[in-house]
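K.L.:
just coords:
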């Protein structure tokens, strides 16, 4: 049993050594809490929404690529502003939740 535990710990250690700054960056956005905090920041969210809706001429009929879309709130705003197509791309695991 001790050998199995040592092998499991060794596998975990090896995986941790393989992590890069990219992994840590995306992992920081994989948890719902950070997205909840951003969505609850009403001033921030409304500012994004208002700036997009007040500049519809920049979105109308356009194809929008929202890289790092998280919950997709900015993608929704782009669609409401008149974008023809909106692609939301998310690399963190928040997309799986």
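P.N.:
Great, that's in hand. As the structure is a prediction and not an experimental result, all values here were calculated from the model.

K.L.:
let's verify residue 66: helix, strand, or coil?
P.N.:
Under DSSP: H, G, I helix; E, B strand; the rest coil, residue 66 falls in the strand class.

K.L.:
shouldn't it be in contact with residue 88?
P.N.:
Yes: using C-beta atoms under 8 Å, residue 66 is in contact with residue 88, at 4.7 Å. All C-beta atoms are positioned from the backbone trio N, CA, C, and that covers glycine.

K.L.:
tell me which helix or strand in this protein has the weakest average pLDDT.
P.N.:
helix 2-18 (a mean of 59; mean pLDDT, DSSP states H and E).

K.L.:
ok, back up a step: identify the contacts common to residue 66 and residue 88.
P.N.:
Both residue 66 and residue 88 are contacted by 72, 75, under the criterion C-beta atoms under 8 Å, 6 or more residues apart in numbering.

K.L.:
any chance you could map the helices in the protein?
P.N.:
For the chain, the helices defined by DSSP state H cover 2-18, 21-28, 32-40, 42-53, 73-80.

K.L.:
where does pLDDT dip in the protein?
P.N.:
The chain contains residues with pLDDT under 70 at 1-35, 94-97.

K.L.:
again, only this time at 80
P.N.:
Within the chain, the ranges that satisfy pLDDT under 80 run 1-35, 38-39, 91-97.

K.L.:
any idea how far residue 71 is from residue 91?
P.N.:
Noted for residue 91: a distance of 14 Å to residue 71, by C-beta to C-beta, to the nearest Å.

K.L.:
more neighbours: which of those two?
P.N.:
A count of neighbours by other C-beta atoms under 10 Å puts residue 71 above the other of residue 91 and residue 71, at 17 against 14.

K.L.:
how near is the more buried one to residue 47?
P.N.:
Separation of residue 71 from residue 47 (C-beta to C-beta) stands at 16 Å.

K.L.:
same check, this time on residue 62
P.N.:
Counting by C-beta to C-beta, the separation of residue 62 from residue 47 is 21 Å.

K.L.:
ok, residue 75 next?
P.N.:
Taking C-beta to C-beta as the measure, residue 75 falls 17 Å from residue 47.
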